[in-house]
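Participant: Here's a sequence, model it:
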Amino acid sequence: MGAPDTTEPKPFPWVGLFTLSALIFMMVTSEFLPTGLLPEIAQQLDVSESQVGLLITVFAGTVVLTAAPLSILTRHYSRKSLVIVVLIVFVLGNVLAALAPSYPVLVVARVIGGLAHGLFWSVVGAYSAHLVPKHQLARAVSITGGGGTAAFVLGVPLGTALGHSLGWRLAFGILAGAVVVLTIVTARLLPPVSHGETLGTGEIPLPMRKDSTVPGVIIVGVIVVLVALGHNLFYTYIAPFLIGPVGFDPGSVAGVLFLYGGAGAVGLVLAGTLGDRFPRGAMIGAIVFVLFAVTLLAGFANVQWVTLVAVGIWGASFGALPSLLQARMLHTASLRVRDVAAAYFTTSFNFAIGLGALLGGLLLDRVGVGFLPWVDIAITAVGLVLVVLGNAWLARRDAARRHP
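Facilitator: Numbers count the residues shown, from 1 in each chain. Model (predicted):
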């Protein structure tokens with residue numbers, strides 16, 4: 001009989017996860033910073049608000065086109081080293097945005113930011129899964145996802161407030177400086193990880209396309225596209241909606257965004273608490289509450305107190321979804337395809353962000369901002385149906401695999 005296993009479980013990697021969370025905070029703040037500064041950027045660069053909204057599309061479109069290919073090309077390189085390289089490129093993109101003398105130059109800056117963002121998420125999206133065992137995955141993802149929620153709670157509203165008071169260029173410049181500091185912190189504190197799959201003696205690695213978990217990864221990716229598409233079609237233009245149909249003063253927009261982000265922090269805590277215990281039910285519940293909140297916004301836009309309540313519900317319910325969806329993607333993917341699945345997760349999310357900003361801009365110009373929440377509701381409802389059907393299909397597939 002062999003000796004008993006005396007290996008102690010590894011301590012929970014708080015430092016590494018909070019470092020990743022801080023990095024995600026900066027990335028999400030940068031991606032959505034133009035959302036709160038649409039009027040200022042449009043006025044200074046002499047373009048329309050819908051053109052400024054397209055900066056979100058450009059950023060996200062770059063991620064869509066490059067995240068997966070860059071992930072595959074760099075799959076054999078150190079994850080930690082890649083994160084540091086990506087942060088340096090990210091700084092360059094934000095410095096160029098702060099100095100951009102014209103709209104085309106700002107577009108180039110957003111392309112550079114998108115290149116960094118795509119590879120960043122393909123690496124960082126799976127980093128937490130390399131740091132913890134699978135049964136702690138939702139908890140780890142909720143901690144790193146806290147950076148994204150904090151970006152909505154603090155980053156985007158603070159950037160909006162800075163843009164209103166000191167100019168939008170300074171907001172991008174401060175962001176670049178903060179990332180320089182975080183790059184140094186990352187080099188010192190982020191633990192390196194082993195991200196490859198160990199094969200047994202004589203075992204031949206299968207091509208990724210033949211991995212049995214790929215269909216499930218594709219289903220989760222489509223769900224991400226639908227849910228994020230509906231959301232970003234409306235949220236990208238939340239400032240014109242709050243100022244127009246709702247009737248808030250432009251100076252109040254940052255406060256409403258603080259409310260949205262603060263509620264998102266509550267949603268993130270719920271995701272971390274319920275995600276491991278009820279992964280499918282928590283996701284369905286969050287989407288149902290998103291639909292309820294956006295319906296309130298669409299139907300009672302002229303009642304400001306209802307709008308504030310709806311924004312709180314919206315922030316809490318959608319704030320939980322990225323972590324729940326990411327945990328579902330990482331649970332679904334095998335170790336062999338986990339990094340690529342993380343890349344496809346961010347590709348799906350950013351495809352939806354970019355397409356949402358594009359479609360929202362077209363609708364804004366043609367039928368007005370008041371129509372956007374109704375389109376959000378329709379698309380999100382389709383996503384909810386696919387979640388229910390996809391859960392049932394994956395459950396049957398798992399059962400068939402266990403009992404052939």
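
Participant: can you list the weak-confidence ranges in the stretch 251-400 of the chain?
Facilitator: Along the stretch 251-400 of the chain, the model assigns pLDDT under 70 to residues 272, 275-276, 334-339, 394, 397-400.

Participant: try 50
Facilitator: Within the stretch 251-400 of the chain, no range satisfies pLDDT under 50.

Participant: which ones are touching the residue nearest to Thr346 when sequence neighbours are not counted?
Facilitator: Leaving out its chain neighbours, the residue that sits closest to Thr346 by C-beta to C-beta, 6 or more residues apart in numbering is Trp121, at 3.4 Å. Using the backbone N, CA and C atoms, a C-beta is placed for each residue, glycine as well. Each residue near Trp121 by C-beta atoms under 8 Å, 6 or more residues apart in numbering is listed here: Met27, Val63, Ala67, Ala342, Ala343, Phe345, Thr346.

Participant: ditto for Val108
Facilitator: With contacts taken as C-beta under 8 Å, 6+ apart, Val108 has the following neighbours: Leu96, Ala100.

Participant: and it, helix, strand or coil?
Facilitator: At Val108 the chain is in helix, as set by DSSP: H, G, I helix; E, B strand; the rest coil.

Participant: I'd like the contacts of Trp121 as CSV, with neighbour count, secondary structure and distance to Pro240 appended.
Facilitator: Output for those, formatted as CSV (neighbours: other C-beta atoms under 10 Å; DSSP: H, G, I helix; E, B strand; the rest coil; distance: C-beta to C-beta, whole Å):
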residue, neighbour count, secondary structure, distance to Pro240
Met27, 25, helix, 25
Val63, 30, helix, 24
Ala67, 30, helix, 29
Ala342, 27, helix, 33
Ala343, 28, helix, 33
Phe345, 26, helix, 29
Thr346, 28, helix, 27
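
Participant: Among these, which one sits closest to Phe278?
Facilitator: Nearest to Phe278 among the contacts of Trp121: Phe345, at 20.6 Å, using C-beta to C-beta.

Participant: Could you check how many residues crowd around the residue nearest to the closest one when sequence neighbours are not counted?
Facilitator: Computed as C-beta to C-beta, 6+ apart, the closest residue to Phe345 that is not its neighbour in sequence is Met329, at 4.7 Å. By other C-beta atoms under 10 Å, 27 other residues sit near Met329.

Participant: From the chain's centroid, how far away is the stretch of helix or strand Met329 belongs to?
Facilitator: Met329 belongs to helix 304-332 when elements are defined using DSSP states H and E. Put simply, helix 304-332 sits 11 Å off its chain's centre (C-alpha atoms, centre = their mean, to the nearest Å).

Participant: mind listing what's buried in it?
Facilitator: By neighbour count with 16 or more other C-beta atoms under 10 Å, helix 304-332 contains the buried residues 307, 309-332.

Participant: rewinding a little: kindly calculate the angle that the one helix or strand the residue nearest to Thr346 maps to makes with helix 304-332.
Facilitator: Assigned by DSSP H and E, Trp121 belongs to helix 103-131. Orientation of helix 103-131 against helix 304-332 (axes from the mean of the first three to the mean of the last three C-alpha atoms, to 10 degrees) gives an angle of 50 degrees.

Participant: surely the residue nearest to Phe345 meets Ile218?
Facilitator: No: with contacts counted by C-beta atoms under 8 Å, Met329 stays clear of Ile218, the gap being 10.5 Å.

Participant: Surely Val28 and Gly155 touch.
Facilitator: Yes: using C-beta under 8 Å, Val28 makes contact with Gly155 at a distance of 6.7 Å.

Participant: Which one of these two is surrounded by more residues?
Facilitator: Ranked by neighbour count (other C-beta under 10 Å), Val28 and Gly155 place Gly155 first, with 28 against 21.

Participant: Helix, strand, or coil at the spatially closest residue to the more buried one that is not a sequence neighbour?
Facilitator: Spatial nearest neighbour of Gly155, chain neighbours left out: Thr29 (3.2 Å); criterion: C-beta to C-beta, 6+ apart. Here Thr29 is recorded as helix under three-state DSSP.

Participant: Show the contacting residues for Thr29.
Facilitator: With contact set as C-beta under 8 Å, 6+ apart, Thr29 has these partners: Ala151, Gly155, Val156, Gly159, Leu175.

Participant: Could you list which of those residues belong to helices?
Facilitator: With DSSP state H as the criterion, helices contain Val156, Gly159, Leu175 from among the contacts of Thr29.

Participant: Just send these back as a markdown table, with neighbour count and distance to Val86 too.
Facilitator: Shown next, in a markdown table, are the ones in helices among the contacts of Thr29 (neighbours: other C-beta atoms under 10 Å; distance: C-beta to C-beta, whole Å):
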| residue | neighbour count | distance to Val86 |
| --- | --- | --- |
| Val156 | 27 | 21 |
| Gly159 | 27 | 21 |
| Leu175 | 23 | 15 |
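
Participant: any idea which of the residues you listed is closest to Val214?
Facilitator: Distance to Val214 across those (C-beta to C-beta) is lowest for Val156, with 34.5 Å.

Participant: Can you name the residues that contact that closest one?
Facilitator: Residues counted as contacts of Val156 (C-beta under 8 Å, 6+ apart) are Val28, Thr29, Phe32, Leu33, Thr35, Gly36, Leu257, Gly261.

Participant: Report the separation between the closest residue to it other than its chain neighbours and Leu175.
Facilitator: The shortest distance from Val156 to any residue other than its chain neighbours is 5.1 Å, reached at Phe32 (C-beta to C-beta, 6+ apart). Distance from Phe32 to Leu175, counting by C-beta to C-beta, to the nearest Å: 12 Å.

Participant: now swap in Gly36 and tell me
Facilitator: Using C-beta to C-beta, Gly36 is found at 13 Å from Leu175.

Participant: shared neighbours, the two?
Facilitator: Counting by C-beta under 8 Å, 6+ apart, the shared contacts of Gly36 and Leu175 are Gly159.
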